[in-house]
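# quick one, what's the 3D model for this:
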Amino acid sequence: MSCSPFDLRDYFFEELAEDDRQQVDLHSRTCEKCREELSRLRSTQAALLAVADEEIPQRIGFISDRVYEPSRLRRWWGAFWESAPRLGFASAAMLSAAIIVSAMHRPAVVTPPAPAGAVDVVKLQADFSRQLNEAVQKAVAESDARHEQRTAQLLTAAARRFDGERKSDIEQVSQRFAILEKYYRREMRASILGGGPQ
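Numbering: from 1, shown residues only. So this is what the prediction gives:
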């Protein structure tokens with residue numbers, strides 16, 4: 001959390017007015033917390049810009065396309081209901097068939113039971129759906145794992161770089177402080193030997 005009079009994110013993304021930016025500039029020169037916050041924002045931006053965009057794997061796109069594409073029967077059924085002439089013809093044909101059947105008074109046809117080796121369509125659909133879900137979940141998990149690994153690598157590299165920059169900054173500050181201290185001592189010695197301030 002910064003103690004700046006303005007939000008440092010607005011400053012970092014250059015969304016502040018020029019006067020406000022100058023106030024934040026002055027404040028960040030004297031405030032260690034705000035300088036660290038700005039450094040973290042730079043590191044985060046660098047890490048995010050280093051992440052490459054990844055396309056959805058073709059396998060997932062291929063599988064999901066087939067899942068969400070309507071079947072032939074469903075497409076035909078939709079086209080049938082949208083066509084008034086076809087619907088009228090089908091209604092007339094159904095009425096004619098009903099009249100013929102009722103005129104003939106045939107008894108209902110009993111369908112024989114399905115043979116033992118018949119294919120259970122519902123079971124096949126459930127099995128296909130399960131396999132599809134497993135394949136999609138596996139592909140998504142692999143993609144997430146790759147993203148997490150890459151993010152962890154980038155964050156580790158950014159942390160190392162940040163630590164190196166911080167050590168370098170501390171060393172520079174120490175060197176400048178030593179120079180200032182020498183300068184101060186020399187000025188004090190000159191003022192003492194010279195008999196007071198000039």
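# any idea which helix or strand comes after the helix or strand bottoming out on mean pLDDT in the chain?
Every helix and strand in the chain was compared by mean pLDDT, DSSP states H and E; the lowest is helix 58-68, with a mean of 57. Remark: after helix 58-68, the chain's next helix or strand is helix 72-82, criterion DSSP states H and E.
# I'd like the average pLDDT over that following helix.
Averaged across helix 72-82, the pLDDT comes to 75.
# mind checking how far it is from the chain centre?
37 Å (C-alpha atoms, centre = their mean, to the nearest Å).
# report all helices and strands that that helix contacts.
helix 84-104 (3 or more C-beta pairs under 8 Å, 6 or more residues apart in numbering; DSSP states H and E). The way it works is simple: take the backbone N, C-alpha and C, and place the C-beta from them, glycine included.
# got the angle between the helix it packs on and helix 72-82?
When axes from the mean of the first three to the mean of the last three C-alpha atoms, to 10 degrees is applied, the directions of helix 84-104 and helix 72-82 differ by 100 degrees.
# what's helix 84-104 packed up against?
Packing contacts for helix 84-104, counted by 3+ C-beta pairs under 8 Å, 6+ apart, involve helix 72-82.
# pull the CA atoms of the helix it packs on into CSV?
Presented in CSV, the C-alpha positions along helix 72-82 are these (Å, rounded to 0.1, in the frame of the first residue of the first chain):
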residue,chain,number,x,y,z
ARG,A,72,-28.1,-34.1,-39.4
LEU,A,73,-31.5,-35.1,-38.1
ARG,A,74,-31.7,-31.9,-36.0
ARG,A,75,-30.7,-29.7,-39.0
TRP,A,76,-33.2,-31.4,-41.2
TRP,A,77,-35.9,-31.1,-38.5
GLY,A,78,-35.2,-27.4,-38.1
ALA,A,79,-35.3,-26.8,-41.8
PHE,A,80,-38.6,-28.8,-42.0
TRP,A,81,-40.3,-26.7,-39.4
GLU,A,82,-39.2,-23.4,-41.0
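# any buried residues in that helix, and which?
By neighbour count on 16 or more other C-beta atoms under 10 Å, the buried set for helix 72-82 is empty.
# measure how buried Ser143 is and give me the count.
Per other C-beta atoms under 10 Å, the neighbour tally for Ser143 reads 14.
# can you pull out the low-pLDDT segments for this protein?
Residue ranges of the chain with pLDDT under 70: 1-2, 4-5, 56-70, 80, 87, 105-119, 195-198.
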